[in-house]
Each structure stands twice: as C-alpha cells, then as structure tokens.
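[1] Mind looking at a prediction? Sequence and model below.
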Amino acid sequence: VQLVESGGGLVQPGGSLRLSCTASGFTMDYYAVGWFRQAPGKEREGVSTMSSGGGETYYADSVKGRFTISRNNAENTVYLQMNNLKAEDTAVYYCATGRNPSWDWSRYNYWGQGTQVTVSS
C-alpha cells in the first residue's frame with residue numbers, strides 16, 4: 001500500500017499548481033481522501049477532504065473557492081487543484097486515506113511522503 005504525491009513546486013502569488021496523489025496496492029475510490037499541509041513551526045492542518053466515491057467534498061475556509069479536490073478512478077489518483085495561491089499556502093502537502101472524511105488527521109491510515117509547495121515572488 002503506497003500513496004505518492006507529486007506536483008509541488010515554486011510558484012508566484014496568484015499562480016496555480018495541481019497536486020496528484022496516486023495510490024498503489026489498493027483502490028482509492030473505496031476510501032475517503034484528505035489533503036493536509038504543514039508549514040514550518042505550525043501544526044498540520046486539513047485543507048480538503050473527499051468521501052469515498054467522491055460524493056462529498058469539504059474545504060477549509062482558508063482555501064474555499066481557490067482549491068478543488070477531485071478523483072480520477074481510472075488512474076487511481078486524487079488531485080488538488082490550487083488556484084490563486086498565496087504566500088500563506090506555502091507548506092508541505094500530504095494526502096491520506098481513511099474510512100470517512102475528517103479534519104482529524106489521526107483518523108487517516110495511510111499517508112504519502114509529502115510534496116513541497118512554495119508560493120513566493
């Protein structure tokens with residue numbers, strides 16, 4: 001069982017990035033998926049979550065209207081499209097899978113290694 005994130009990088013404020021989280025060893029559509037981030041010196045925080053099957057999506061207030069979570073079941077991948085990025089979005093972003101959507105990171109069983117997102121001019 002493995003989750004691999006990709007798509008991070010350096011982007012200017014106002015720019016966009018699309019993060020990918022690809023699963024191997026299991027079918028991701030059967031599980032809820034969460035995107036979390038952690039900036040230096042700060043606690044891990046939930047960014048967006050999606051139920052199994054993708055019927056329910058949730059966003060943190062800080063990213064609502066700018067970020068979109070989606071699934072591609074054929075590729076066993078979940079995406080996080082991030083638009084209008086701000087300096088405060090700078091963090092390591094992680095995807096994780098669990099039974100139900102939750103902002104509580106301890107409810108997720110499997111985690112990816114993280115991908116760095118840096119928003120700076």
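    Looks like it came in fine.

[2] so how far is Ser51 from Arg18?
    21 Å (C-beta to C-beta, to the nearest Å). Just so you know, the C-beta spots here come from the backbone N, C-alpha and C atoms, and that holds for glycine as well.

[3] Give the burial count for Thr27, as a bare number.
    Neighbours of Thr27 under the rule other C-beta atoms under 10 Å: 10.

[4] right, and it touches Asn76 too?
    Yes - counting by C-beta atoms under 8 Å, Asn76 is a contact partner of Thr27 at 6.7 Å.

[5] Is Cys95 bridged to anything, and to what?
    For Cys95, the residues forming beta bridges with it (DSSP bridges) are Trp35.

[6] got the contact list for it?
    3, 5, 19, 21, 33-36, 78, 80, 111-112 (C-beta atoms under 8 Å, 6 or more residues apart in numbering).

[7] Now, these that are in helices?
    Applying DSSP state H to the contacts of Cys95, no entry is found in helices.

[8] Going by distance to Thr118, which of these wins?
    Sorting these by how near they are to Thr118, with C-beta to C-beta, puts Leu19 at the top with 13.0 Å.

[9] thinking the closest one is in contact with Ser6, fair?
    Yes - under the criterion of C-beta under 8 Å, Leu19 makes contact with Ser6 at 7.2 Å.

[10] list the residues that contact both of these two?
    Taking C-beta under 8 Å, 6+ apart as the contact rule, Leu19 and Ser6 both touch Thr115.

[11] Give me the more crowded residue out of these two.
    In this view Leu19 and Ser6 are compared by other C-beta under 10 Å, and Leu19 has more residues nearby, 25 against 14.

[12] Now do that one against Arg99, distance only.
    Taken as C-beta to C-beta, the spacing of Leu19 relative to Arg99 amounts to 22 Å.

[13] same check, this time on Asp29
    Distance from Asp29 to Arg99, by C-beta to C-beta: 14 Å.

[14] Need the overlap of contacts for these two.
    Overlap between the neighbourhoods of Asp29 and Arg99 is empty, taking contacts as C-beta under 8 Å, 6+ apart.

[15] Same drill for these two, tell me which one is more crowded.
    More neighbours surround Asp29 than the other of Asp29 and Arg99, with 16 against 13 (other C-beta under 10 Å).
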